[in-house]
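> fold the following for me, if possible:
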Amino acid sequence: MKQEPRPRKGSKPLPSGRGDVTKLVLADDEHLVRGAIAALLGLEEDLEVVAEVGRGDQVVDTVVEHGAAVAVLDIEMPGATGLEAAAELRERAPDCGVVILTSFGRPGYLRRALASGARGFLAKDAPVEQLAGAIRKVHGGGRYIDTELAAAAMVGGESPLTDREAEVLRAAADGATVARIARNLHLTEGTVRNYLSNAIGKTGAENRMAAIRTAQDMGWL
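Model (predicted):
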């Protein structure tokens, strides 16, 4: 069943001397986690979660509908990832800042998040004061990158995979055959095998599934 965006009821008065309240859209497919984050952010006088969604492909329309200034996005969601939603926001709602939350310390995620247009990146279990500070900084045009996640990204290094190799690995993640991957990506079967072979070699894996696991663990997919 498709999950509809859930608007937040009511609106808080403008805090005296603090200026306008910053409107937020919160996206996370875990209902309890999303609700907890929304409740904690709701305690901040200058922040207001105006809508919550559980799917990545609902983010952009919801941001546009509510005129949100900042979108706080989980990475792994049905419909579209938070990184894909961030990239689409950059095109359709460029004035909306993006803060990415992650429960995975995968080095490649930070680089991909920055490439998608996100200006904030921190762990999902960060204190609410840290998240609120990141939102304010991003709303003000700055960046906020969790120092531990940034250090992990530097140690992890760049992805060795080309865009096509990563695309083929993603297509193979559900156990698809070479023939099906070739049809879906409009490639020849020989080309698919070459990309898979290259990816296996670059990740130092023994087979395609091991290559997929390695690439996912590193945040390259």
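> residue ranges for the strands of this protein, please.
Secondary structure of the chain (DSSP state E): strands located at 6-7, 22-27, 47-53, 70-74, 97-102, 120-123, 144-145.
> tell me which of the ones you listed sits nearest to residue 90.
Nearest to residue 90, of all the strands of the chain, is strand 97-102, at 7.9 Å by CB to CB. (Each C-beta comes from the backbone N, C-alpha and C, glycine too.)
> quick check: buried residues in that closest one?
Within strand 97-102, the residues that count as buried by 16 or more other CB atoms under 10 Å are 97-102.
> pull up the pairing partners for that strand, direction included.
strand 70-74 (parallel), strand 120-123 (parallel) (DSSP bridges).
> how about the ones you listed, which one is nearest residue 93?
When those are compared by CB to CB, strand 70-74 sits nearest residue 93, at 8.2 Å.
> ok, and what's touching that closest one?
22-30, 33, 37, 41, 56, 59, 63, 82, 85-86, 89, 96-103, 118, 124, 131, 135, 138-139 (CB atoms under 8 Å, 6 or more residues apart in numbering).
> returning to that earlier point: which of the strands of the chain comes out lowest on mean pLDDT?
Comparing mean pLDDT across the strands of the chain, the weakest is strand 6-7, with a mean of 57.
> residue contacts, residue 102?
74-75, 109, 121-124, 149.
> okay, now the nearest residue to residue 164 once chain neighbours are set aside: neighbour count?
Setting aside the residues directly before and after it, residue 164 is nearest to residue 195 in space (CB to CB, 6 or more residues apart in numbering), at 5.8 Å. Residues lying near residue 195 (other CB atoms under 10 Å) number 23.
> I figured residue 195 was touching residue 171, is that so?
No: if you go by CB atoms under 8 Å, residue 195 and residue 171 don't touch, sitting 9.6 Å apart.
> gap between the residue nearest the centre of the chain and residue 63?
Nearest residue to the geometric centre of the chain (CA atoms, centre = their mean): residue 82, 2.7 Å. Using CB to CB, to the nearest Å, we find residue 82 at a distance of 13 Å from residue 63.
> now do the helices in this structure.
Under the criterion DSSP state H, the chain carries helices at the ranges 31-41, 59-66, 82-92, 107-116, 128-139, 147-156, 163-172, 178-185, 189-203, 208-217.
> same list (those) but as a markdown table, adding mean pLDDT and distance to residue 52.
As requested, the helices of the chain are arranged in a markdown table below (pLDDT from 0 to 100; distance: least, CB to CB, whole Å):
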| stretch | mean pLDDT | distance to residue 52 |
| --- | --- | --- |
| helix 31-41 | 93 | 6 |
| helix 59-66 | 97 | 9 |
| helix 82-92 | 94 | 14 |
| helix 107-116 | 80 | 21 |
| helix 128-139 | 95 | 15 |
| helix 147-156 | 66 | 24 |
| helix 163-172 | 92 | 28 |
| helix 178-185 | 94 | 33 |
| helix 189-203 | 89 | 37 |
| helix 208-217 | 84 | 27 |
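> nearest residue to the residue nearest to the centre of the chain in space, please, no chain neighbours.
Closest residue to residue 82 apart from its sequence neighbours, by CB to CB, 6+ apart: residue 73 at 3.5 Å.
> that older thread, what's the closest of the buried residues of strand 97-102 to residue 199?
Using CB to CB, the buried residues of strand 97-102 come closest to residue 199 at residue 102, 23.3 Å.
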